[in-house]
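In: Generate coordinates for the sequence data below:
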Amino acid sequence: MVAVRTGFQDAVTEDDFEQTLRSAPSVAIHFWAPWCLPCKQMDVVFAELAKQYPGVAFVRVEAEELSDISQRYNVTMVPHFVLLQNTKKGSPDAPRCGFSAKVVAALKAAGIQFSSFDILTDEAIRQGLKEYSNWPTYPQLYANAELLGGCDIVLEMAQSNELKQAVDEALGDAAGASLLPNAGALPQQDPATALESRLKQLTTSHPVMLFMKGTPDAPRCGFSSKVVGALRKTGIPFGTFDILEDEAVRQGLKKFSDWPTYPQLYAGGELVTSSAASVKELGAAFSYVFTFRSEI
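Out: Numbering: from 1, shown residues only. Model (predicted):
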């Protein structure tokens, strides 16, 4: 049995790093270089966060020494931070979650052909699918775009030899439906509900997310430019969304977070600040990012 490796640690080799990923459910990675002063400053924050969140593995990776790992996470500058939560999902040939492995085995034993999607590769899909089917955990098994169930239900059907029958029935319904007008059409969703769902996906699509006018390299508002500059000084990676490109998001986000102006900065899906002056408080915002929620 692999011991869980949490707390503050240095990954000296690739094997060290991989063992930590295999054993810890939530991992925060600091890519650093010994010559970089901001890295030393962020080490203090990193070490303090490790004390606050003992269940999380806080790993330092020397970017130039472990270049293969750096390339894997597209590290082009330091300091650079990567946050991994519930890292054990994976693919059918390499499932990184016991529940996923059991469902894969059940499908193979029943002789069911299937494809898969690694939800760790796309946070928007990972969160959006929970709302789409009103099912909070993974894995999820679908046939003909219909949720058959999660791990417990799939294993129960497999034990009673009903799994293949359930899949065949769903696919049979698809064949019958193809003879009907508008076959395969999804039920209409209330526009307000659809927008709220999209906003939730957008605000959580990156651990730190900035809604701004323009782009980081071409801001179209002085306030947006200042916040981008302040964020870059912290070294914290962030995603952006140009609200000038989508009026529905621009207006909807004001109501969603009850904040009337832009830019808006989110951490962990929560509104943190809207001004460059407040970005200096990003130590607190950074804590939000490391608040790993207990979701599967």
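
In: okay, now the domains of the chain?
Out: Structurally, the chain divides into domains by automatic domain parsing as follows: 7-85, 98-177, 191-289.

In: Neighbours of Val167, how many?
Out: 21 (other CB atoms under 10 Å). Heads up, the C-betas are built off the backbone N, CA and C, glycines and all.

In: Show the contacting residues for it.
Out: By CB atoms under 8 Å, 6 or more residues apart in numbering, the residues touching Val167 are 110, 112, 143, 148.

In: Just read off the phi/psi values of the third one.
Out: Backbone torsions of Ala143, given as degrees, to the nearest 10, read phi -140, psi 120.

In: For Glu156, state which of the contacts of Val167 is nearest.
Out: Leu148 (11.0 Å; CB to CB).

In: Before we move on, what's the pLDDT of that closest one?
Out: With respect to pLDDT, Leu148 has a value of 84.

In: mind listing the helices for the stretch 51-200 of the chain?
Out: Secondary structure of the stretch 51-200 of the chain (DSSP state H, counting those that start in this stretch): helices at 67-72, 98-109, 123-132, 151-159, 163-177, 191-203.

In: For those, give me a markdown table that also has mean pLDDT and distance to Gln251.
Out: Output for the helices of the stretch 51-200 of the chain, formatted as a markdown table (pLDDT from 0 to 100; distance: least, CB to CB, whole Å):
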| stretch | mean pLDDT | distance to Gln251 |
| --- | --- | --- |
| helix 67-72 | 81 | 39 |
| helix 98-109 | 84 | 39 |
| helix 123-132 | 75 | 21 |
| helix 151-159 | 85 | 40 |
| helix 163-177 | 69 | 37 |
| helix 191-203 | 86 | 9 |
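
In: I'd say Ile112 and Leu163 touch.
Out: Yes. Assessed by CB atoms under 8 Å, Ile112 is found in contact with Leu163 at 7.1 Å.

In: who has more neighbours, those two?
Out: The neighbour count for Ile112 versus Leu163, taken as other CB under 10 Å, is higher for Leu163 (25 against 16).

In: Could you dump the helices of the stretch 51-200 of the chain into a markdown table with distance to Ser257 added?
Out: Formatted as a markdown table, those follow (distance: least, CB to CB, whole Å):
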| stretch | distance to Ser257 |
| --- | --- |
| helix 67-72 | 34 |
| helix 98-109 | 34 |
| helix 123-132 | 17 |
| helix 151-159 | 34 |
| helix 163-177 | 39 |
| helix 191-203 | 8 |
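
In: low-scoring stretches of the chain, by residue?
Out: Scanning the chain for pLDDT under 70 picks out 1-6, 85-98, 120-124, 173-190, 273-296.

In: just to revisit the earlier point, going by distance to Gly7, which of the contacts of Val167 wins?
Out: The closest of the contacts of Val167, once distances to Gly7 are taken by CB to CB, is Leu148, at 39.6 Å.

In: For that closest one, which non-adjacent residue is closest in space?
Out: The shortest distance from Leu148 to any non-neighbouring residue, by CB to CB, 6 or more residues apart in numbering, is to Leu141 (4.8 Å).

In: Ok, Glu146 next?
Out: Ala170 (5.5 Å).

In: Quick check: the one you found touching Leu141?
Out: No. Judged on CB under 8 Å, Ala170 makes no contact with Leu141 at a distance of 10.1 Å.

In: re the thing from before, out of the helices of the stretch 51-200 of the chain, which comes closest to Glu48?
Out: Nearest to Glu48 among the helices of the stretch 51-200 of the chain is helix 67-72 (23.9 Å), distances taken as CB to CB.

In: who does that closest one touch, helix- and strand-wise?
Out: On a contact count with 3 or more CB pairs under 8 Å, 6 or more residues apart in numbering; DSSP states H and E, helix 67-72 meets helix 14-23.
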